[in-house]
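>>> can you look at this prediction? I've put the sequence above it.
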Amino acid sequence: MRHAAIFVAALATAGLAAGCPRGGGDTTPVQPATPPQVLQAARGTIEQWRQAYQIKSLDVLSKLYAHESALVLVHDGLPLVGWASVEAMIKDRLVRYQKIVIRLKDINVVALGATAATATASMTRELGDEVTTVTETGALTMVLRRDGEQWVIVTEHYSYKKGGQQ
């Protein structure tokens, strides 16, 4: 029972400290800046991902994803879990569409530590062939992790606005 009381007191103290105003009544939490090397690495991986889709390179895309069972990619509202599922979807997309154009803007990268980051961007994706092109505009979210010298995608989610398909 004593341990529980100490634990509750510690939580209450931490909560009060976290919510204490910092001069002038500002209670906004301090957000450390994303280190430049994390920002550069994450943006580089995202740009490689964008270009790999446009040149339809399974080899390059394959190197950008974590090859593990914890990999998650949300595709058409359904989560694909594990590299085998994600790879099958990518192969299908690359075969199905003759043209894939991806445009990203407002890329925002936030470090989750020295070896992980989350990234969001506005994305327009055009998927098509010589006859029909589908254009989707929405939001892209990725979680990236440093794996040795390279950064890999461990989670990817893209959603487009309802009525955002043309």
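Sure, I can see it. Because the structure is predicted, anything quoted here is derived from the model rather than measured.
>>> name the helices or strands packed onto the helix or strand where Leu94 lies?
Assessed by DSSP states H and E, Leu94 sits inside helix 83-96. On a contact count with 3 or more C-beta pairs under 8 Å, 6 or more residues apart in numbering; DSSP states H and E, helix 83-96 meets helix 58-64, strand 72-75. No exception for glycine: its C-beta is placed from N, CA and C like everyone else's.
>>> deepest of the ones you listed, which one?
strand 72-75 (a mean of 18; mean count of other C-beta atoms under 10 Å).
>>> buried residues in the following helix or strand past that one?
Using DSSP H and E, the next helix or strand after strand 72-75 towards the C-terminus is strand 78-81. Across strand 78-81, burial judged by 16 or more other C-beta atoms under 10 Å covers Leu80.
>>> partners of strand 78-81, with directions?
Partners of strand 78-81 in the sheet, by DSSP bridges, are strand 72-75 (antiparallel).
>>> re earlier: which outside residues touch the helix holding Leu94?
56, 58, 61-62, 65-69, 71, 73, 75, 80, 100, 127 (C-beta atoms under 8 Å, 6 or more residues apart in numbering).
>>> next, the buried residues of it.
Of the residues in helix 83-96, those buried (16+ other C-beta under 10 Å) are Trp83, Ser85, Val86, Glu87, Ile90, Arg93, Leu94.
>>> quick one: pLDDT of the first one?
Trp83 is assigned a predicted lDDT (pLDDT) of 97.
>>> distance of it relative to Lys56?
Trp83 sits 19 Å away from Lys56 when distances are taken as C-beta to C-beta, to the nearest Å.
>>> try Glu68
Relative to Lys56, and taking C-beta to C-beta, Glu68 is found at 24 Å.
>>> so those two - more neighbours on which side?
Lys56 (16 against 11; other C-beta atoms under 10 Å).
>>> the more buried one looks like it's in a strand, true?
No: with DSSP: H, G, I helix; E, B strand; the rest coil as the criterion, Lys56 is located in coil rather than a strand.
>>> chain neighbours aside, what residue packs nearest to it?
Leu94 (4.8 Å; C-beta to C-beta, 6 or more residues apart in numbering).
>>> the protein: strands as residue ranges?
Taking DSSP state E as the test, the strands found in the chain are 72-75, 78-81, 99-111, 116-128, 133-147, 150-165.
>>> okay, the fourth one in PDB with CA atoms only?
Output in PDB follows, covering the C-alpha atoms of strand 116-128 (Å, rounded to 0.1, in the frame of the first residue of the first chain):
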ATOM      1  CA  ALA A 116      13.100   7.500 -34.900                       C
ATOM      2  CA  ALA A 117      10.900  10.200 -36.400                       C
ATOM      3  CA  THR A 118       7.400  10.800 -37.600                       C
ATOM      4  CA  ALA A 119       6.700  12.700 -40.800                       C
ATOM      5  CA  THR A 120       3.500  14.100 -42.300                       C
ATOM      6  CA  ALA A 121       2.900  15.800 -45.700                       C
ATOM      7  CA  SER A 122       0.200  16.800 -48.000                       C
ATOM      8  CA  MET A 123       0.200  14.400 -50.900                       C
ATOM      9  CA  THR A 124      -1.300  14.300 -54.400                       C
ATOM     10  CA  ARG A 125      -1.000  10.900 -56.100                       C
ATOM     11  CA  GLU A 126      -1.800  10.200 -59.700                       C
ATOM     12  CA  LEU A 127      -2.300   6.600 -60.700                       C
ATOM     13  CA  GLY A 128      -3.000   5.800 -64.300                       C
END
